[in-house]
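# What follows is a predicted protein model with its sequence.
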Amino acid sequence: MSYLQKLEDQSIYIFREAFANFRNMAMPWSMGKDSNTLIWLAKKAFAGKIPFPLVHIDTTYEFPEMLAFREWARKHYEIDLIVIVNEEARRRGIGYETHDPVTVTHELKSMALQQALAKYKWDALVTGIRRDEDSTRAKERYFSPRTADNEWEYRDQPPEFWGQFTTAVKEGEHVRVQPLLDWTELDIWEYVRREGIPIPKMYFAQNGRRYRSLGCWPITKSIESSVDTLEGIVEELKTTKTSERAGRAQDHHERNAMQKLRAKGFM
Amino acid sequence: MPPAPRPVPQDYVPAFFPKRQGGARAAGGPEEPRTSIVVVGHVDHGKSTLIGRLLADTGSLPEGKLEAAEKASREEGMPLEYAFLLDSFLEEQAQNITIDTTRIGFRHQGQSFEIIDAPGHREFIKNMVTGAAAAEEAILLIDAQEGLKEQTRRHGLLLSLLGVSRVIVAVNKMDLVEWREDRFRALEKEIRGYLGGLKIIPRQVIPISAREGAMVMRRENRHLAWWSGPTLLEALLSDAGKSRLSSDGPLRFSVQDVYRFDARRVIAGKLESGRIRVGDPVIFFPDRKASRIQRIESWGEDTPLNEVGPGQSVAVTLEEQIFVERGHVAALPDDPPVESREVRARIFWLDTEPLRLQAPVTLRLGTQSVEARLVAIDRVVDAEKLEAAKDTREEVARFEVAEVRLRCRRPLVYDSHDRVCATGRFALQRGSRIGGGGIITFAEYPASLAKAVRGEHLTWTEGRVSQEARAGHFGHEGAVIWLTGLSGSGKSTLAVALESLLFRRGIGTMVLDGDNLRHGLCADLGFSLEDRAENIRRAGEVAKLMAESGLVVISSLISPLKKERESVRASCHAAGISFSEIFINASIAECERRDPRGLYQKARKGEIKGFTGIDSPYEIPELPDLILETGKEKVAESVERLLTHVLNLVRLKEEDREGAAGPGGQI
């Protein structure tokens, strides 16, 4: 069996375990390549119908194409979509114009999510994080519990083996369900190519530049590239030595910035 | 801040690409094979250094990664620490230890590897288990100076339990022992001996120095000229990407869920082993409902699938609609799994709080989740010597490995680990946390295939009074207590005494005596081998029926043959009834001296033919649930031990007793 097939089967297994064990789950969705792979896998897992809502945390700094993609996908996939914005933080004037990227990311993403958790009382959130993105994500579990304060107790994670996951949480806590943990950036692209998954055009070169990873527009840098096909992206990735999130400013603000962000609820 | 991007047109359409030809699954594609390798061993034997070295030598580090590790090392006041490439938590870097497992990929010569770093500290064994359970292969590191240490052995033992049998041993820090071959050979002999005891034959034992980069990727010709074997990377490459599955195995399809989002009723699950083809007849255990595969659902495929193989996630619809739910396991009619409430297993325990006898625990196997309790600890394995001495322990402590028996409240569908790996292993959960796991070492496959229950009997089955309800009503569970031993060993005496003691405690009980059965039910049977076997079979069936009605049945029959006793045990377990084999042990000389009914005397004179112990064999039980030494201990002592054993077996847990309205509510 091919490696991509193994990954697909495992992700579908994880999706189904989550849906069987949690009463009220949701899937944050950022419209990027990983997020769209997740939708695709969920469609496969549930025989064409995704039986839980998708959540877009709108930081108000989204690329216009991503918003257009969102509306297109809402109809195309027949998804139940919830859009959330941390209005309170915006009113306080939190923004990239005035604050550092770690603060803004925490307020407009992690805090927005926490507010939504309090409102919708989700007991499980499906994330699209992968181990190869960042060294703290490399230490994650497929089912990763979060405290009532949305915090990650990374010092004492539960054991996880043989497809047996942490499926019980106390009132107010939730579990991060992470079906793409074992996938690499290259696997995602190979899979997008294998399956023909629709993705935003920004991943392909226009005027000699393209985006490798998509976040908030003020802090996401494009890379120099002339690649405008999926085959080209796969080939480019096989030779590059630059990490995927190199273009994301919040990761590099200080040493272990990601650990600090993630301990406090960042995906 | 860069300028805001321009808006996109209203009629937006994303980037679309055609699916690759031949359907998605068929287009497996040319991706490189990938092997997951866990690096284990005692703390400070150099695991993280080796991984850092592998990544650096193969040029697999992304830009900036080495610089980030250098920066972190400087801030902690150390020279470049390779381990910082992996140990990403501030706590890990400050203390220079690995707390949690991590994974990192690298590619070399067209092969793709995923390296799993496992912590070596005793404290973090649960994280080591998490990492190792995901691996197909292991590198066990040994410090050439220190030799085999506690975690070297414990990690080896855990690898054998986790089913990671492909192991490469790397003897590290050879530079610190002046690259001496004799030191290496001595360690090689020792580790081969130890792993051999675990039935692990290492693929290679290789001398290396991770810090110096010797024999990792680079061949070290000066100091290790005596080594003609492969480098570590050569050894990894030689076996990479090879298929581990020698055969598909019997069909085991674990049901995860049943979806009714539209008109279809889709049964979703995982193929733990074997294949599913459209049209196959299948039986769902434990209810034994039969149906056929109508369709394999395949969203996103151009052509419907006709067949799926081991390891795959599957969704099917059935021809005949039967009741199926999460936790059921489908199999082909001619190769069924075991269904039993008793499980014999080798377990490892990870939680700080020990696992105590009789304590409730949730057993999770595939998608099954059943309440269980530990009813016996047969042996605790000593990781140092691998000896498994008979033990009289009351608990399995943190990090211990033990051979145990568990009893479930509902029948569990399983296989022995040797036969079907995925349905022969389980996790144990206490509260909301997984505290340990185990592999099933023994499974009684029924000698004859049980017939499938047909779909239309569904309502009848569900309408029955369940065993739980009966147990709740009487305040105890039914069971078969099977006393076996020579004539005159004391079976009848103990049976009658036990019956009386149980009855006085309000427990419904009855002695089934071999001689008495022969006056009625078995009056047509003589003493030929066939007749004696049939006598035992009938006694077993009667005992099982009585136990199903809620009684604690005490059988008192010589039952000399192991095969016959085992078949009664299997029959009870298939019905979800506890069966306890009690060996009443007294020597033949002692029994003959007692000879309460003068039978031995008659046998010696030849008046009775085929008398057990004289001219007919008695097969001593190999693993009885209890042995009573009636030749050595007093009757009262035997009775007391027997009573304690039986009370533990049939007693309900506190929560079970709630609402028990029966006369025997208290034990």
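Received it, and whenever you're ready, just let me know what you need. Numbers count the residues shown, from 1 in each chain, chains lettered A, B, ... in the order given.
# ok now do residue B:210, which residues does it touch?
Residue B:210 makes contacts with B:46, B:49, B:50, B:52, B:53, B:170, B:172, B:173, B:216, as judged by C-beta atoms under 8 Å, 6 or more residues apart in numbering or on different chains. Glycine gets a C-beta too; all of them are placed from N, C-alpha and C.
# Now it. Nearest residue, chain neighbours left out?
residue B:50 (4.0 Å; C-beta to C-beta, 6 or more residues apart in numbering or on different chains).
# State the distance from the residue nearest to residue A:61 when sequence neighbours are not counted to residue A:58.
Closest residue to residue A:61 apart from its sequence neighbours, by C-beta to C-beta, 6+ apart: residue A:216 at 3.8 Å. From residue A:216 across to residue A:58, the span is 10 Å (C-beta to C-beta, to the nearest Å).
# more neighbours, the two?
residue A:216 (22 against 18; other C-beta atoms under 10 Å in any protein chain shown).
# Tell me the pLDDT of residue B:94.
Residue B:94 carries a pLDDT value of 71.
# Mind telling me what element it is part of?
In this structure, residue B:94 sits in helix B:90-95 according to DSSP states H and E.
# mind listing what's buried in that helix?
B:90, B:92, B:93 (16 or more other C-beta atoms under 10 Å in any protein chain shown).
# host element of residue B:236?
helix B:232-239.
# hmm, who's touching that helix?
Residues outside helix B:232-239 that contact it (C-beta under 8 Å, 6+ apart) are B:35, B:37, B:54, B:57-58, B:108-109, B:111, B:113, B:137, B:139, B:166, B:168, B:170, B:203-204, B:206, B:208, B:215-217, B:229-230.
# Among the residues you listed, which ones are in strands?
B:35, B:37, B:108, B:111, B:113, B:137, B:139, B:168, B:170, B:204, B:206 (DSSP state E).
# one step back: report the rounded mean pLDDT for the helix holding residue B:236.
Helix B:232-239 comes out at a mean pLDDT of 90.
# now the following helix or strand past it: how far from the chain's centre is it?
Toward the C-terminal end, the helix or strand that comes next after helix B:232-239 (DSSP H and E) is strand B:252-259. Taking C-alpha atoms, centre = their mean, to the nearest Å, one finds strand B:252-259 lying 20 Å from the centre of the chain it belongs to.
# Tell me which other helices or strands strand B:252-259 touches.
With contacts taken as 3 or more C-beta pairs under 8 Å, 6 or more residues apart in numbering or on different chains; DSSP states H and E, strand B:252-259 sits against helix A:3-21, strand B:266-273, strand B:329-331.
# can you tell which of those is closest to residue B:317?
Shortest separation from residue B:317 across the helices and strands packed on strand B:252-259 is recorded for strand B:266-273, at 6.1 Å, computed as C-beta to C-beta.
# Quick one: mean pLDDT over that closest one.
96.
# Can you get me the start-to-end distance on stretch B:213-230?
14 Å (C-alpha to C-alpha, to the nearest Å).
# Residues touching that stretch, excluding its own?
For stretch B:213-230, using C-beta under 8 Å, 6+ apart, the contacting residues are B:50, B:53-54, B:57-58, B:174-175, B:179, B:181, B:204, B:206-210, B:212, B:231-233, B:235, B:238.
# List the buried residues in it.
For stretch B:213-230, burial by neighbour count (16+ other C-beta under 10 Å) applies to B:214, B:215, B:216, B:217, B:220, B:223, B:224, B:227, B:230.
# now the last one: how far from residue B:359?
Plainly put, residue B:230 is 49 Å away from residue B:359 if you go by C-beta to C-beta.
# Repeat that for the second one.
In this structure, residue B:215 and residue B:359 are separated by 49 Å, where distance is defined by C-beta to C-beta.
# and what of the third one?
When distances are taken as C-beta to C-beta, residue B:216 and residue B:359 turn out to be 47 Å apart.
# The fourth one now?
Using C-beta to C-beta, residue B:217 is found at 50 Å from residue B:359.
# The fifth one now?
Plainly put, residue B:220 is 53 Å away from residue B:359 if you go by C-beta to C-beta.
# Would you mind naming what in the stretch 401-550 of chain B lies close to chain A?
B:422, B:425, B:426, B:427, B:429, B:431, B:432, B:433, B:434, B:437 (C-beta under 8 Å from any C-beta of the partner chain).
# Break chain B down into its structural domains.
B:34-239, B:252-331, B:338-442, B:465-657 (automatic domain parsing).
# rewinding a little: element containing the residue nearest to residue B:210, please.
Counting by DSSP H and E, residue B:50 is part of helix B:47-57.
# Report the rounded mean pLDDT for that helix.
Helix B:47-57 carries an average pLDDT of 88.
# Remind me what that helix packs against, helices and strands.
By 3+ C-beta pairs under 8 Å, 6+ apart, helix B:47-57 packs against strand B:34-41, strand B:102-108, strand B:111-117, strand B:137-143, helix B:232-239.
# among those, which gets the worst mean confidence?
It's strand B:102-108: among those, that one has the lowest mean pLDDT, namely a mean of 84.
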